[in-house]
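> return atomic coordinates for the entry below.
(one chain, ligands or ions: 1)
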Amino acid sequence: MYRSNKPTLLLIGYKLPPGPLRRLIVGNMFDIPLQKEWKTYDKWAKTYGELTYLNIFGTSILVVSSYKMVSELFEQRWTLYSGRFKSTMLSDLTLLFHLHRNPEGFIAHSRHVIGAMVMEIQYIGDDGFKIIYGIKTSLNKDPYIELAEKNTGKIYASHCTGRATSGFYTNPINVLDLVDLPLVKYIPSWVPGAGFQKKAKTLREEINAMTTIPFTAVKAAIKAGNASPSIVGNALGEINPENLHVAEEERIIRDIAGSVYMAAIDTTESAVQIFFIAMLLYPDVQRKAQAELDNFLGEDKLPSFDDRKHLPYIGALCKEVLRWHPVTPVAVPHMLKEDDIIGEYFVPKGTIVIGNTWSLLHSKSAYGDDADEFNPDRFMNPQTKYPDSAFGFGRRICPGRHMADSILFILITNVLYAFNIVPYKTSTGIELPSPDAFVPGLIS
Ligand code: HEM
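Below you'll find the predicted structure:
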């Protein structure tokens, strides 16, 4: 394999990777399903192999479905495969989405701050978001958590390549809203089906609220002299007031904190919900985990982070939660920055590149014939691959993954130690969740 940045026209002799038949103009628009899109991606992986090529209204999409190809493209060729695609709906957004799209330039500074935020933290503890904003959250109806719950689903849905809905977004978003189709934004809003401009406006306002509200609260607290220590506070304190770019620096801090706020909450919360569903569907696993806790802790002590090394089955259970139903089953798309050659195939610049998370984490060769079942025992074998694809790929892999892992561990151990998770009883019997009932969308 070799890589070339030659212009498209010179690449005679190469073909596009295989994929479902494309229709005139719309391409594969109608091949992306409204429900459980990861199942379709999985079917494509089985039909077309490690690379599946799609095209929607002229925008190329490449689905990557093998560990070998994931490593080749997202890791070895990371300079090409780490871009973020531009969502037409969100294209006017400020730094936050520039950051997502293109990490170069002043972004080096930004990424440093994100890294510091996430890497220096082992766990959040009882104080919720104190670490980012220093804002104490309340147990009931906390406005900051509600803001995140209300909006993150929509934001993620806007980055999805399917006609997705998200758990928090009940109005379906059409694929036209989602992929980067430059001409689409010039369609007048009175054209039937083109109401996405209105949706985009609402979405922009909501994202703006998420980045601005907590940031403004921290600034007000600093001014009033009663701010708790926080990363936002520290970063603001480091700005040199004589710097000509104070406003720009503040904006960077605001948007980075906002992006962590958006990236952290809905994902982690979704993983916890998946844990509850698994415990309802697999009561034997629950009992086995509780037996491990009881054997080690006895009756007088709540589990803590330090106990992790003594609780291998719970550690395996946490990994299985991430693997069994990945929070982002169709991953967060990357964007290819230049034309590329992969073996006999040509992939054009601007292609949306999707790691096929679901298929990778349900691969029978990696996880065994029972890969569709929830079975933490598979991770008791140290040879079993850690489900890192649940956190994305290459240089874009989730920087909050260690924190997410710690949060999951402490929540799971404490819940299992104190509670039995049992199905809801109705007059007609017990109600179990269906493993097929996961909502479609980027965060499922
Ligand atoms: C179970 C919980 C979580 C899951 C499943 C998850 C998953 C992901 C995924 C799939 C991506 C995209 C990676 C890619 O583009 O290839 C991502 C990005 C990101 N995550 Fe997480 N995440 C979780 C929790 C967190 C937490 C707790 C934080 C912060 C404290 C966080 C911060 C971020 C940030 C800042 C990005 C953007 C990175 C970039 O664009 O370069 N995530 N996450």
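
> what does the stretch 251-400 of the chain put close to the ligand?
Taking Cβ under 6 Å from any ligand atom as the criterion, the stretch 251-400 of the chain approaches the ligand at residues 259-260, 263-264, 267-268, 271, 327-328, 331-332, 334, 390-393, 396-400. All C-beta spots, glycine's among them, are computed from the backbone N, C-alpha and C.

> where exactly do the strands run in the stretch 201-350 of the chain?
Per DSSP state E, counting those that start in this stretch, the stretch 201-350 of the chain has strands spanning 334-335, 340-342, 345-347. These are given in chain order.

> looking at those strands, which is buried most?
Comparing the strands of the stretch 201-350 of the chain by mean neighbour count (mean count of other Cβ atoms under 10 Å), strand 334-335 ranks first with a mean of 24.

> first residue to last residue on stretch 12-27, what's the distance there?
One end of stretch 12-27 to the other measures 22 Å (Cα to Cα, to the nearest Å).

> who touches that stretch?
Applying Cβ atoms under 8 Å, 6 or more residues apart in numbering, the contact partners of stretch 12-27 are 28-31, 44, 48-49, 51-58, 60, 62, 341-342, 344-347.

> just the buried ones from the residues you listed?
The neighbour-count test (16 or more other Cβ atoms under 10 Å) applied to those identifies 28-29, 31, 44, 48, 51-57, 60, 62, 341-342, 345-347 as buried.

> returning to that earlier point: of the residues of the stretch 251-400 of the chain next to the ligand, buried ones?
Those of these that meet the buried threshold are 259-260, 263-264, 267-268, 271, 327-328, 331-332, 334, 390-393, 396, 398-400, by 16+ other Cβ under 10 Å.

> what's the average pLDDT for stretch 430-443?
Confidence over stretch 430-443, taken as the mean pLDDT, stands at 63.

> repeat that for stretch 17-31.
Averaging pLDDT along stretch 17-31 yields 90.

> how long is it end to end?
Its first and final residues considered, stretch 17-31 spans 17 Å by Cα to Cα.

> same question for stretch 60-80.
For stretch 60-80, the first and last residues are 15 Å from each other (Cα to Cα).

> how about it, does it reach the ligand?
No - using Cβ under 6 Å from any ligand atom, stretch 60-80 never reaches the ligand; the gap is at least 7.3 Å.

> what about the closest residue in space to Phe215 that isn't next to it in sequence, neighbour count?
With Cβ to Cβ, 6 or more residues apart in numbering as the criterion, Phe215 has its nearest non-adjacent residue at 4.3 Å, and that residue is Arg254. Burial of Arg254, expressed as a neighbour count using other Cβ atoms under 10 Å, amounts to 23.

> Arg254 reaches Met210, doesn't it?
No - here Arg254 lies out of contact with Met210, judged by Cβ atoms under 8 Å, at a distance of 10.4 Å.

> so which of the contacts of stretch 12-27 are in helices?
Secondary-structure check on the contacts of stretch 12-27 using DSSP state H: residues within helices are Trp44, Tyr48.

> what stretches of the stretch 301-444 of the chain score poorly on pLDDT?
Across the stretch 301-444 of the chain, the stretches falling below the confidence threshold (pLDDT under 70) are 435-444.

> the same query, at a cut-off of 80, please.
For the stretch 301-444 of the chain, applying pLDDT under 80 flags the ranges 424-444.

> the helices in it, which residues?
Along the stretch 301-444 of the chain, counting by DSSP state H, counting those that start in this stretch, helices occupy 312-324, 357-361, 364-367, 401-418.

> out of the ones you listed, deepest packed?
Most buried of those, by mean neighbour count (mean count of other Cβ under 10 Å): helix 357-361, with a mean of 25.
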